[in-house]
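A.B. asks: I would like the atomic coordinates for the input below:
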Amino acid sequence: MRCLTAEQVIDLLAPLKFSVSDENRWYRRELVFLDPSASKQDRISASPPADPRRLPYFIQAINAWLPSERGRLLWIQHWEVGNPYNSEALVSAARVGLGEGRSIDEAPGHLFDVHPYGNLDIAEISNEHKHELGLIVGFVSLLLLEACDGWLLAEGCRSD
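C.D. replies: Model prediction:
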């Protein structure tokens, strides 16, 4: 995994008609889909399980639902910062441990390598895949627990 700035994410996703809005930068860095057909599309939604022990399986299923053998981009759109009781310190420590010294505001994109994300057989997947899947599950779990906002996208995919 490597962290990306908003500008790097725009360069990566511009051909797919995504951009970043800093209109409410004090609160969020919003990833936006610029294609006008997006407003006419049906969306599929799901609520996380009530039992927190099921949350990793829920996130793994969402990730596996996206096309496999493609990289993943986790865009953290809004992270509640400044509260002494939230997990901001944990996320910052994880990012620093991965060699990332910039804040979420400075580098809100998390780019994960290509793996067979549709395969959840722990005996068959590589250590690198396990590591990156663990990071995806961990970051998305914290996003959900903190009631923050983000996107998980499969490389090259659009919302149409």
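A.B. asks: who's in contact with the residue nearest to residue 24 when sequence neighbours are not counted?
C.D. replies: Excluding the flanking residues, the one nearest residue 24 by C-beta to C-beta, 6 or more residues apart in numbering is residue 30, at 7.0 Å. No exception for glycine: its C-beta is placed from N, CA and C like everyone else's. Contacts for residue 30 (C-beta atoms under 8 Å, 6 or more residues apart in numbering) come out as 20-24, 77.
A.B. asks: how about residue 48?
C.D. replies: The neighbours of residue 48, taking C-beta under 8 Å, 6+ apart as the test, are 55, 58, 144.
A.B. asks: about what we covered before: restricted to strands, list the contacts of residue 30.
C.D. replies: Those of the contacts of residue 30 mapping onto strands are 20-21, 77, per DSSP state E.
A.B. asks: for residue 9, grab phi and psi.
C.D. replies: Main-chain torsions, residue 9, degrees, to the nearest 10: phi -70, psi -40.
A.B. asks: just residue 73 next, same as before
C.D. replies: Torsion angles at residue 73 (phi, psi; degrees, to the nearest 10) stand at phi -120, psi 120.
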